[in-house]
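Colleague: A structural model of the following input is requested.
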Amino acid sequence: MEHVSVLNEEYQRNAWDEMKNTINNKISEISLDNIQHVAKKLFLTNIYRGRGVLIKTVIEAQENCVQSTPVYATLFASVNMVFPIIGDLLLRRLIRRYQQGQQKNSLELKSPPAIFISFLLHQHVADECLVRQILIDLLTNPTNGSIQLAVSILLICSTKLDTKHREILLAILLEYRMSHQFDKQTNCMVDGFLATRDIYNQVGSKKVDEIGKKFQVIHAFELFHHLDPENYLDEFVYDSNYKVTENHYSERIKIIFDRKIYIIAIDTFIGVQYEETCSPTQTIRIPIVRKIIYAAMK
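Modeller: Alright, predicted model coming up:
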C-alpha cells in the first residue's frame, strides 16, 4: 500500500506543499543564532527536489532584508558543500536578477543580487571574476549610488579579489574621489574605505579560506551571458520514481550527518554601518567585524 500511495499524485502534491511550508517557515526564522539548527532541518527536507523553492524563497527574503545577506550566504555556503548544483542555480538566478536591473537601468534592482554575490565570493561559492565584472559595470558611467554600491561590495570581499585587479579598482575609486564630481556622502564613504581597507577584512579570513579551499565548489559565470534560471523547478512535478528518489536523498543525508563532512563557517561580518564622524555633520560608512564563528554541524 505504501508503494501505491507514494505514486499517487495527490500524495506527492501534498508532500510538495508540506516541503514548501517547511522551507518558507525555516527561512523566515533563520538568524545567526539559529543557523545551525535551521540548516540541519532544511537538510532533513529534500532540498534537492525543492531547490527551486528554496532559492526563490531566499532571494525574496534577501531582497526584503538585505542586512541579513550574510546569514543567507552562510546557509548557501553550507548547502553548496553538499549540493553544488544548488549553489550553481542560486548564482544563475542572482545574475539574472542583476541583468533585469541592468535592462531597466535600476540600481535598486541591481543592488540586492550584487550584495548577495559579493558575500558568496567571501564564502568561496562565487568566482572573483563575476564580482569584478559587477564592479566594472558599476564604475562605468558612475553615479553617487553606483559608487556607494561598489564601495559596499569592496567592503565585503575586496581581499578575495586578485591583487592586481583590486589595485586597479582602488585607483579608479581614488581618481573619482579626486575629481570632486560626487556628493559629500559618497566621497566620505570612499575615504572611509580607502583609510581602512588594509585592516577591516582580515579577522578570521585565513580560516574562511581554509574551509573554502577544502570543501567548496566555486562557480564561475559571466555577468551578461544568457543563463537559464530553471523556473520550472519552482512548481510541482509528478515523480514516477518518487520512493527511490526520496530513499536516495535520505541515505545521502545520513552519510553526511554521520561523517560530519560539511561545516558551517558563520561569518558575522554584517557589512557596513554608519559609525565614525567624517565632519561635524557627516558620517562615513565603515565595516564592523564583530566575530567569526566556526562550528561543525551537530
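Colleague: so who does the closest residue to Ala150 other than its chain neighbours touch?
Modeller: Nearest residue to Ala150 in three dimensions, chain neighbours excluded: Leu138, at 4.4 Å (C-beta to C-beta, 6 or more residues apart in numbering). Backbone N, C-alpha and C define where each C-beta goes, glycine included. By C-beta atoms under 8 Å, 6 or more residues apart in numbering, the contact set of Leu138 is 114, 146-147, 149-150, 153.
Colleague: Just these: which are in helices?
Modeller: 114, 146-147, 149-150, 153 (DSSP state H).
Colleague: Point me to the helix or strand that includes the residue nearest to Ala150.
Modeller: Here Leu138 sits within helix 128-139, counting by DSSP states H and E.
Colleague: And that helix, how far out from the chain middle?
Modeller: 15 Å (C-alpha atoms, centre = their mean, to the nearest Å).
Colleague: circling back: any idea how far Gln216 is from the residue nearest to Ala150?
Modeller: 26 Å (C-beta to C-beta, to the nearest Å).
Colleague: ok, now Ala114?
Modeller: The value you get for Ala114 to Gln216, if C-beta to C-beta is used, is 21 Å.
Colleague: more neighbours, the two?
Modeller: The neighbour comparison of Ala114 against Gln216 (other C-beta atoms under 10 Å) goes to Ala114, with 26 against 17.
Colleague: Do you know the pLDDT at the more buried one?
Modeller: With respect to pLDDT, Ala114 scores 97.
Colleague: Let me see the contact set for it.
Modeller: 98, 134, 138, 149, 153.
Colleague: next one: His180
Modeller: Asn187.
Colleague: where does it fall, phi/psi-wise?
Modeller: phi 60, psi 30 (degrees, to the nearest 10).
Colleague: Go through the contacts of Ala114 and say which is closest to Ala77.
Modeller: Among the contacts of Ala114, Ile153 lies closest to Ala77 (C-beta to C-beta), at 17.6 Å.
Colleague: Could you tell me how many residues sit around the closest residue to the closest one other than its chain neighbours?
Modeller: Once flanking residues are discounted, Ile153 sits nearest to Ser118: 4.6 Å by C-beta to C-beta, 6+ apart. Ser118: 27 surrounding residues under other C-beta under 10 Å.
Colleague: Test my guess that Ser118 contacts Ile156.
Modeller: Yes - counting by C-beta atoms under 8 Å, Ser118 touches Ile156, with 4.3 Å between them.
Colleague: the helices in the chain, which residues?
Modeller: 2-6, 9-29, 35-44, 51-64, 69-82, 84-103, 107-122, 128-139, 144-157, 163-179, 184-196, 205-215, 242-259.
Colleague: Next up, the contacts around the nearest residue to Ser68 once chain neighbours are set aside.
Modeller: Once flanking residues are discounted, Ser68 sits nearest to Gln62: 6.7 Å by C-beta to C-beta, 6+ apart. Contact analysis of Gln62 by C-beta under 8 Å, 6+ apart lists 68-69, 72, 112, 116.
Colleague: rerun that using 6 Å as the cut-off
Modeller: 69, 72, 112, 116 (C-beta atoms under 6 Å, 6 or more residues apart in numbering).
Colleague: for the helix holding Leu138, which positions count as buried?
Modeller: Going by neighbour count (16 or more other C-beta atoms under 10 Å), the buried part of helix 128-139 is 128-135, 137-139.
Colleague: I figured Ser5 was touching Gln12, is that so?
Modeller: No - using C-beta atoms under 6 Å, Ser5 is not in contact with Gln12; the gap is 9.5 Å.
Colleague: Looking at those two, which has the bigger crowd around it?
Modeller: Shown here are Ser5 and Gln12; by other C-beta under 10 Å, Gln12 has more neighbours (19 against 12).
Colleague: show me where pLDDT drops low in the stretch 51-200 of the chain?
Modeller: 197-200 (pLDDT under 70).
Colleague: Just the buried positions in stretch 230-250, please.
Modeller: In stretch 230-250, counting by 16+ other C-beta under 10 Å, buried: 233-234, 239, 242, 246, 249.
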